[in-house]
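1. Any chance you could fold what I've pasted below:
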Amino acid sequence: MPQTRSSRPTQRDIAELAGVSITTVSHVVNGTRAVAEDTKAAVLRAIETTGYTGDAIARSLVTGGTRSIGMAISLVANPYFAALMQAIEREASANGYTVLLADTHDTTATERDVVRALRSRRVDGLLVTPSPGDSSVIGELVSLDVPTVLIDRLSTRTDVDQVGAENIQATSALTAHLASLGHRRVGMISGAPGLTTSDERVLGYRLGLGRSGLAWSPDLVACGNSHRDGGALALSTLLALPKPPTALVVANDSMMVGVLHEARRRGLRIGRDLPVVAYDDVEWADLVDPPITTMAQPIEEIGRRAVRLLLARLAEPSRPAETVRLPPTLRHRESCGCAGAA
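-> Below is the predicted model of the structure:
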């Protein structure tokens with residue numbers, strides 16, 4: 001009984017039409033070995049003739065693009081990133097693109113591996129939240145002219161597109177708010193070293209102190225390494241000082257969780273015994289008691305602008321690189337010690 005052939009074109013069909021082996025078709029589709037130009041042209045004509053869509057890579061050989069965007073981001077670093085990812089997917093989908101997600105685990109080595117893996121899938125461009133201390137991965141993408149947009153953790157480079165929230169003035173405002181309530185020893189729990197967001201928020205804290213007529217004291221800053229346990233440990237360090245801070249600026253919401261746990265363990269009442277404000281805003285910020293005063297990043301707009309910057313780069317590869325800073329919004333609640341704040 002003759003075998004029924006599928007109506008969907010296969011690599012065998014491509015090979016027969018082009019007069020080459022299936023192995024040659026595979027090499028052309030996957031780019032795993034150099035193939036003579038006339039042979040490659042024959043395979044591409046066969047792909048176009050048959051409408052072969054066995055995978056996105058094959059389609060990209062004919063159309064010049066996969067209509068896909070690679071996104072390299074740490075899924076565990078910050079709850080904010082999950083909301084950012086959703087915003088990016090919505091904007092990409094609205095423009096006819098799919099998003100391929102890869103978790104960097106917030107390490108440079110993993111970031112390098114996943115970025116190369118995404119490139120091997122022939123994504124049209126990349127959205128990257130750089131890991132702490134990363135410079136070589138971004139340098140490689142720029143040198144290879146890979147369309148790339150950095151998100152959130154921006155670089156001092158001027159040769160790559162990037163978009164994120166403004167950090168310095170926003171953190172300055174949080175610090176000055178606590179000082180306006182009469183606090184003379186305002187402490188800070190800072191983020192992981194090597195991140196521009198960490199450096200900028202510490203700079204904003206120092207700026208806020210200066211604007212409020214308060215002296216900078218390095219003892220009042222403890223590094224929470226941008227995660228929950230680090231936030232708890234940093235709070236313990238600050239409270240162990242001979243003269244501990246009377247109010248705190250916490251540099252992200254992951255560390256804020258640790259602060260809340262450690263304060264509860266010690267029997268401290270946030271807002272009364274220890275006024276606290278935080279950079280970042282999460283869904284639960286207004287659900288805890290007291291609700292947390294925060295600087296809310298414009299997550300939806302950051303996601304939209306990132307995708308639009310990348311699409312603009314794809315449409316006009318030679319356009320000047322652009323850096324976009326978007327202002328966050330103060331959510332004035334009660335953790336700062338302001339009773340009845342809304």
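
2. what's the helix or strand containing Met188 packed up against?
-> Using DSSP states H and E, Met188 sits in strand 186-190. Under the contact definition 3 or more Cβ pairs under 8 Å, 6 or more residues apart in numbering; DSSP states H and E, strand 186-190 sits against helix 168-180, helix 196-211, strand 221-223, helix 228-239, strand 247-250. Backbone N, C-alpha and C define where each C-beta goes, glycine included.

3. if you compare these, which one is most tucked away?
-> Most buried of the helices and strands packed on strand 186-190, by mean neighbour count (mean count of other Cβ atoms under 10 Å): strand 247-250, with a mean of 28.

4. ok now that strand, how far from the chain's centre?
-> Centroid separation for strand 247-250 versus its chain: 24 Å, with Cα atoms, centre = their mean, to the nearest Å.

5. what's it packed up against?
-> Counting by 3+ Cβ pairs under 8 Å, 6+ apart, strand 247-250 packs on helix 168-180, strand 186-190, helix 228-239, helix 253-266, strand 276-279.

6. sorry, back to before: tell me which of the helices and strands packed on strand 186-190 approaches Ser74 most closely.
-> helix 196-211 (12.5 Å; Cβ to Cβ).

7. How about residues contacting that closest one?
-> With contact meaning Cβ atoms under 8 Å, 6 or more residues apart in numbering, helix 196-211 is reached by 152-156, 164, 167-176, 179, 186, 188, 190-192, 215-216, 221, 226, 249, 251-252, 279.

8. before we move on, the earlier item: can the helices and strands packed on strand 186-190 go into TSV with extra columns for mean pLDDT and distance to Arg305?
-> Compiled in TSV, the helices and strands packed on strand 186-190 are given as follows (pLDDT from 0 to 100; distance: least, Cβ to Cβ, whole Å):
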stretch	mean pLDDT	distance to Arg305
helix 168-180	98	17
helix 196-211	96	17
strand 221-223	98	30
helix 228-239	97	29
strand 247-250	98	26
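
9. Any idea which of the ones you listed gets closest to Thr66?
-> helix 196-211 (30.5 Å).

10. and the closest one, how far from the chain's centre?
-> 21 Å.

11. mind listing what's buried in the host helix or strand of Leu100?
-> Assigned by DSSP H and E, Leu100 belongs to strand 98-103. Within strand 98-103, the residues that qualify as buried are Val99, Leu100, Leu101, Ala102, counting by 16 or more other Cβ atoms under 10 Å.

12. can you give me the helices in the chain?
-> 11-18, 22-30, 37-50, 56-63, 79-94, 108-120, 136-143, 168-180, 196-211, 228-239, 253-266, 299-315 (DSSP state H).
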